[in-house]
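Asker: the sequence and its predicted three-dimensional model are supplied below.
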Amino acid sequence: MKRAQRGIALLVVMWACTLLAILLGGYAALAHNEGLQASYQFEQTRAYYAAEAGVMRAIYALQATNVNDRWVADGRLYPFVFDGAKVGISVISESGKVDLNAASPDVLTNLFRLAGADPTRAAAVAQAVIDWRSFAISPQQAAQRAAVYAAAGRDYGPRNGPFASVDELQMVLGMDPALYAAVAPYVTIWSGRPSPDPNTAPLLALASLPGMNLQRAAAMIAARPPLSAGNPVPGLVGNNGITHSIRSEAVLADGTRAVLHATVRLQGFRPGSQSFAVLRWQEGDEE
């Protein structure tokens with residue numbers, strides 16, 4: 001009887017030790033995973049602030065007092081090192097993009113055609129953009145525009161006023177995700193120009209100018225003065241404009257990466273006021 005009791009006690013002790021080992025193993029695995037997660041979050045935070053430092057560096061460089069220190073807002077890449085992170089920064093002047101609220105019908109049509117729409121569809125989408133941004137001259141015209149959207153199965157009509165954001169372009173009749181993705185980097189609501197500034201326009205926006213094509217636009221961009229020490233490119237700097245889109249990408253030594261997109265309006269250095277205003281701020285690489 002005593003042997004049986006000792007055997008049961010031994011078995012209980014063994015089970016208890018096994019259970020304790022399992023619990024300790026689970027705790028060790030949990031602690032390890034939490035340590036990895038904390039390390040990942042720390043590195044991700046480091047990368048984020050390095051990318052943010054790149055945005056601040058660009059804002060400073062765009063309005064540097066010495067023209068030789070200013071950056072050109074035509075999309076060229078500026079390298080920057082911050083706290084061990086490699087940061088790549090590019091800036092595009094909003095004046096070099098196609099303004100949804102001000103662009104001429106020809107420029108809009110050319111842009112949509114270059115982005116992949118056939119000529120007929122490109123012209124139709126361009127007209128839809130103009131209808132969206134234009135005030136209706138009468139209740140009858142507003143009703144007619146709304147009826148076109150209703151016939152297409154939409155539960156809304158055009159704004160009959162200026163675009164409030166670039167994202168709103170997705171709601172325009174005839175626009176689809178593929179066409180929007182192709183044109184989104186090249187359109188703006190902040191330039192107020194009927195056509196892009198050729199000095200800073202990126203490829204598709206430059207090629208949308210009347211009389212231009214992709215080959216000529218590419219040649220003009222290639223002919224822009226390269227970035228080099230002692231070469232401030234004053235002609236381009238003078239056409240930077242005041243509103244810019246900044247893309248800052250930071251990469252740490254272990255490959256951790258963070259991307260920030262910011263649209264800022266420069267307001268000059270004035271006592272008691274901020275030198276810039278943020279119009280748009282986005283984390284990640286999706287437009």
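Answerer: Looks like it came in fine. Residues are numbered from 1 along each chain as shown.

Asker: quick check: the gap between residue 131 and residue 208.
Answerer: 19 Å (Cβ to Cβ, to the nearest Å). All C-beta spots, glycine's among them, are computed from the backbone N, C-alpha and C.

Asker: what about these two, which has more around it?
Answerer: residue 208 (31 against 20; other Cβ atoms under 10 Å).

Asker: OK, contacts around that one?
Answerer: Going by Cβ atoms under 8 Å, 6 or more residues apart in numbering, residue 208 touches 98, 107-108, 110-111, 114, 186, 195-196.

Asker: how far away from the center of its chain is stretch 171-191?
Answerer: The chain centre lies 13 Å from the centre of stretch 171-191; the measure is Cα atoms, centre = their mean, to the nearest Å.

Asker: what are the ranges of the helices in the stretch 51-200 of the chain?
Answerer: Taking DSSP state H, counting those that start in this stretch as the test, the helices found in the stretch 51-200 of the chain are 105-114, 119-133, 139-151, 177-183.

Asker: show me what counts as buried in the first one.
Answerer: Residues of helix 105-114 classed as buried under the neighbour-count rule (16 or more other Cβ atoms under 10 Å) are 106-114.

Asker: repeat for the third one
Answerer: Taking 16+ other Cβ under 10 Å as the basis for neighbour counts, the residues of helix 139-151 that come out buried are 145-146, 149.

Asker: CSV for the residues you listed, including distance to residue 85 and pLDDT?
Answerer: Formatted as CSV, the buried residues of helix 139-151 follow (distance: Cβ to Cβ, whole Å; pLDDT from 0 to 100):
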residue, distance to residue 85, pLDDT
145, 50, 95
146, 51, 95
149, 47, 96
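
Asker: what about the closest residue in space to residue 254 that isn't next to it in sequence, helix or strand, and which?
Answerer: Computed as Cβ to Cβ, 6 or more residues apart in numbering, the closest residue to residue 254 that is not its neighbour in sequence is residue 43, at 6.5 Å. Element membership for residue 43 (DSSP states H and E) is helix 2-62.

Asker: that's all I had, so thanks and see you.
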